[in-house]
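1. The following block contains a protein sequence and its predicted model.
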Amino acid sequence: MSMDSFYVTVTPDRLRELSDLPVTPVHLAYRMGRGPHLFRASGSPPPRGGLMLLDCREFDGLGPTAPFCQEVLRECMARGFTGVVCDFEGGCLPPLEQAVRELGSQCFRRSWTLIVPEQYGHCSPHAKVAVSSALSGGTLVQRLREAQERFGRDRVVLALQRTAEDFFLPSPTGSGTPLTQEELRERIQERQPSVFFSHELCARYFTYMSRESGAHFVLFDDGATLAQKLQVARSLEIRSVLAAWPEIADAAGELGLRRTVPNRAAR
């Protein structure tokens with residue numbers, strides 16, 4: 001189940017784990033800080049090749065973005081990067097919208113890739129738009145089709161997210177409590193529930209009762225559900241996927257990510 005482009009976000013300490021896999025690394029080593037200025041994580045060798053992931057959690061919203069974008073472009077050229085993934089969370093900020101517009105134009109001129117969150121998809125016609133695979137209602141097929149209608153078929157990237165959430169029933173907000181993989185395993189071991197598969201959400205689920213808090217609904221992913229989500233994306237001719245390595249490392253084989261030679265990192 002190959003995709004035309006499989007982008008994987010990875011920290012410097014785990015980069016070697018991607019050795020010989022058919023993926024493009026997205027380096028979690030940069031942040032947009034005050035100024036704004038571009039900062040790289042210290043204590044690790046400068047990355048080479050792949051894409052830059054741009055974290056804005058420390059950006060205070062002040063300062064001109066054009067000089068910052070030039071910093072990003074210079075770093076990309078120096079490191080042999082071929083694009084940028086903007087990890088801009090939360091609501092849209094005008095300076096970040098400006099940065100997406102500028103980076104969109106500059107990346108397009110260089111035939112580089114720019115991937116932005118859905119809420120920033122309107123800022124540049126040249127940017128690809130990451131649409132999350134995580135749902136708590138509706139259907140994944142309809143969700144992706146609506147994104148294609150809004151942004152264009154060729155611009156949509158599947159943001160493959162491995163989720164696990166515990167919802168109170170009823171759940172008026174549609175939001176649950178995130179669970180770690182260990183917490184999920186503990187709930188399953190403790191409750192021994194019957195686990196079902198939702199074809200609409202491409203996720204597994206089970207229910208349980210708690211004396212303290214009443215009825216619960218747990219929705220979660222595993223390697224098989226992630227593979228099913230990839231299959232849905234391919235059926236809609238979505239050819240690019242973005243995923244975090246810690247979320248898919250144990251499911252790489254199920255996702256069609258097989259090494260071309262034995263893993264040198266494991267020696």
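-> Alright, I've got the coordinates.

2. Which residue ranges of the stretch 1-150 of the chain form strands?
-> Listed in chain order, the strands of the stretch 1-150 of the chain (DSSP state E, counting those that start in this stretch) span 5-10, 24-33, 37-40, 51-55, 83-87, 113-117, 128-132.

3. Just send those back as TSV, with mean pLDDT too.
-> Compiled in TSV, the strands of the stretch 1-150 of the chain are given as follows (pLDDT from 0 to 100):
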stretch	mean pLDDT
strand 5-10	97
strand 24-33	96
strand 37-40	94
strand 51-55	97
strand 83-87	97
strand 113-117	98
strand 128-132	98
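
4. Mean neighbour count and distance to Asp222 added to those strands, as CSV?
-> For every residue, glycine as well, the C-beta is placed using N, CA and C. Below are the strands of the stretch 1-150 of the chain laid out as CSV (neighbours: other C-beta atoms under 10 Å; distance: least, C-beta to C-beta, whole Å):
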stretch, mean neighbour count, distance to Asp222
strand 5-10, 22, 18
strand 24-33, 22, 23
strand 37-40, 16, 34
strand 51-55, 22, 25
strand 83-87, 24, 25
strand 113-117, 24, 25
strand 128-132, 23, 17
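
5. what comes up buried for stretch 122-140?
-> Residues of stretch 122-140 classed as buried by neighbour count (16 or more other C-beta atoms under 10 Å): 122-124, 126-136, 140.

6. likewise stretch 74-92?
-> For stretch 74-92, the neighbour count (16+ other C-beta under 10 Å) marks Glu75, Cys76, Arg79, Phe81, Thr82, Gly83, Val84, Val85, Cys86, Asp87, Phe88 as buried.

7. For Leu38, see how far away the last one is.
-> It stands for Phe88. Shown here: Phe88 relative to Leu38, a distance of 14 Å by C-beta to C-beta, to the nearest Å.
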